[in-house]
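A.B. asks: Provided below for reference: sequence and predicted model.
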Amino acid sequence: MEDTAHKKMLNSLLATFGLYPTIDFPTRIYNNSMTTIDNIFINKVNLNNFTVYPCINGLSDHDAQIIAPHNIVLMKHEKQLSFYRRFNAEAVTDLNIKLSYESWEDVLSHNDVNMSFNKFLNIYLTLFYSSFPTKVAYNSSHSKCWLTQGIRISCRTKRKLYLASRHSPDRNKNFFFQKIL
């Protein structure tokens, strides 16, 4: 709460990293002392775009702080399109069958190598695209970025175990899974 040399040095150090304190009221009041040891730091110099106020929750001798920004413009994250092809055994078999039924006379009938190659490439790509069609997926790069691959695997495993136990006649197994869920 006091304007000491240590406080000025700390604020100066944080300002070199672009961080500025926002709390100017006591966050801990105990007996006869008032301190501002809990703080919110922001990286914007414009200090008029938000309101900060305490939230006395009664759970601790520290008050919570709430920062309410004003005039926030949220960037809309558009879904990005990505295109992919599925390569599986059925599609490869389909391509092989189509290639085996193809008449290659147009390719072999030309004396010009470039013309023969272009004919071959057109036929091959037509068959390839029909066997492996392009699929469209909508990606959102920001959605659930905290959800790591390990967490996803754990969630899938937990769901499989739950579904397996839901219809199980073994009551102990059901009780065990109900406890962890």
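C.D. replies: On my side now, so go ahead.
A.B. asks: ok, how many other residues are close to Val92?
C.D. replies: By other Cβ atoms under 10 Å, the residues close to Val92 number 12. Where you see a C-beta, it was placed from the backbone N, CA and C, and this is true even at glycine.
A.B. asks: that one: which element?
C.D. replies: For Val92, the host element (DSSP states H and E) is helix 89-101.
A.B. asks: report the buried residues of that helix.
C.D. replies: By neighbour count with 16 or more other Cβ atoms under 10 Å, helix 89-101 contains the buried residues Ala91, Leu95, Lys98.
A.B. asks: nearest residue to the last one in space, please, no chain neighbours.
C.D. replies: Read it as Lys98. If the residues on either side of it in the chain are set aside, Lys98 comes closest to Leu127, at 4.5 Å by Cβ to Cβ, 6 or more residues apart in numbering.
A.B. asks: could I get the contacting residues of that neighbour?
C.D. replies: Leu95, Lys98, Leu99, Glu102 (Cβ atoms under 8 Å, 6 or more residues apart in numbering).
A.B. asks: what about 10 Å?
C.D. replies: Leu127 makes contacts with Asp94, Leu95, Asn96, Ile97, Lys98, Leu99, Tyr101, Glu102, as judged by Cβ atoms under 10 Å, 6 or more residues apart in numbering.
A.B. asks: just put the residues you listed in TSV and tack on distance to Leu147.
C.D. replies: Below are those laid out as TSV (distance: Cβ to Cβ, whole Å):
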residue	distance to Leu147
Asp94	35
Leu95	36
Asn96	39
Ile97	41
Lys98	40
Leu99	42
Tyr101	46
Glu102	46
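A.B. asks: next one: the helix or strand hosting Leu125 to chain centre, how far?
C.D. replies: Here Leu125, judged by DSSP H and E, is contained in helix 113-131. Its chain's C-alpha centre and that of helix 113-131 lie 40 Å apart, by Cα atoms, centre = their mean, to the nearest Å.
A.B. asks: again with stretch 150-158
C.D. replies: That offset, for stretch 150-158, works out to 16 Å (Cα atoms, centre = their mean).
A.B. asks: what do you get for stretch 154-172?
C.D. replies: 27 Å.
A.B. asks: tell me the residue in this protein that is farthest from the middle.
C.D. replies: Asn111 (55.4 Å; Cα atoms, centre = their mean).
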